[in-house]
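Novice: quick one, what's the 3D model for this:
(one chain, ligands or ions: 2)
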Amino acid sequence: MYDYHVHSLYSDGGRFGAMLEAAADAGVSALGFADHCNLSPDPDRRRERARYARTFDLTHERRREALAAVREETELTVFDAVEVDYEPGAEEAIADFLADAGFDYTLGSVHYVGDRYVFPWGSFADASEAERRAFVDDYYETVVSLIDSELFDIAAHVDIVESHPHLSGFTTCEHAEMVADAFERSRTVPELNAGRFEDDDKPASFHPEGRVFEMLLDRGVEFTLGSDAHRPEDFAERIPALRERAERYGLDPVCPL
Ligand SMILES: [Zn+2]
Ligand SMILES: [Zn+2]
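Specialist: Ligands and ions are numbered 1, 2, ... in the order given. Just a heads-up that it's a prediction; the model follows:
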């Protein structure tokens, strides 16, 4: 069981020792730390990245030193990865950073579109149905740009709008097809992500789920597995759930390295 997507205290996750111990207890044999990083040139995003602990471009070398020490003390295989906020227009900055940093592998995520956040959860409570629909359209177009950019090994939680209480249900077959077409022509693979597993108030337990998941299965697109654990206690339920889902759908998880 390889878990390619967890967070450490170099962004908004837990301590290495506690994360590794909990992962091992859940049956994980290899763990990839993929801390958040935002490289947007937009002044508003620049201000927000500190608030949301997305300044990993400034600290990744320190984490690399920490991981070297951590590897001496654990039986688990430990990967040095990153989860970058994808934003059209930031491609050059992202490419330069990734080429320079030399991670074991990279994840790209769409967490916001324009100045509206899907995650951390932006509010769409006052948005009309047409506005929500338009946002979800923009979201999937941005996911396709992420995949087409070829910047990343893994595209994280590609239908995260389905976890949003005000955006779920707007994913269409056309969206699912766009995403599947993009994966078919790209080196980037999607992940099966269990980041919302315990949240009973969230409409989706996994990403992708529903239409996008079915379309990708249909096309024979391969997946990596990621718990998206931020706290040690996240592993106990998410790891068996990921394993069970992979088995149920006959997925043979791929290695992004
Ligand atoms: Zn994410
Ligand atoms: Zn994450």
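Novice: Arg196 is in contact with Ser163, correct?
Specialist: Yes - taking Cβ atoms under 8 Å as the contact criterion, Ser163 and Arg196 are neighbours in contact, 4.7 Å apart. (Each C-beta comes from the backbone N, C-alpha and C, glycine too.)
Novice: ramachandran angles for Val6?
Specialist: For Val6, the backbone dihedrals are phi -140, psi 160 (criterion: degrees, to the nearest 10).
Novice: and it, bridged to which residues?
Specialist: In this structure, Val6 bridges to Phe33, Ala229 when assessed by DSSP bridges.
Novice: point out where the protein drops to low pLDDT.
Specialist: Within the chain, the set of residues satisfying pLDDT under 70 comprises 199-203.
Novice: the residue positioned nearest the centre of it: what's it in contact with?
Specialist: If you average the C-alpha coordinates of the chain and look for the closest C-alpha using Cα atoms, centre = their mean, you land on Ala156, 3.0 Å from that point. The neighbourhood of Ala156, defined by Cβ atoms under 8 Å, 6 or more residues apart in numbering, consists of 5, 83, 107-109, 191, 193, 207, 226, 228.
Novice: can I get these in CSV with neighbour count?
Specialist: Formatted as CSV, the entries for the contacts of Ala156 read as follows, by neighbours: other Cβ atoms under 10 Å:
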residue, neighbour count
His5, 28
Glu83, 29
Leu107, 29
Gly108, 25
Ser109, 26
Glu191, 30
Asn193, 31
His207, 25
Gly226, 30
Asp228, 25
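Novice: and ligand 2, which of those contact it?
Specialist: When those are filtered against ligand 2 using Cβ under 5 Å from the ion, the residues retained are 83, 228.
Novice: for the residue nearest to the centre of the chain, which non-adjacent residue is spatially closest?
Specialist: Ser109 (4.2 Å; Cβ to Cβ, 6 or more residues apart in numbering).
Novice: pretty sure the one you found sits against Leu151.
Specialist: No - with contact taken as Cβ under 8 Å, Ser109 and Leu151 are classed as non-touching, separated by 11.5 Å.
Novice: spit out the residues that contact the two alike.
Specialist: With contacts defined as Cβ under 8 Å, 6+ apart, the residues adjacent to both Ser109 and Leu151 are 84, 86.
Novice: any idea how far Pro120 is from His36?
Specialist: Pro120 sits at a distance of 11 Å from His36 (criterion: Cβ to Cβ, to the nearest Å).
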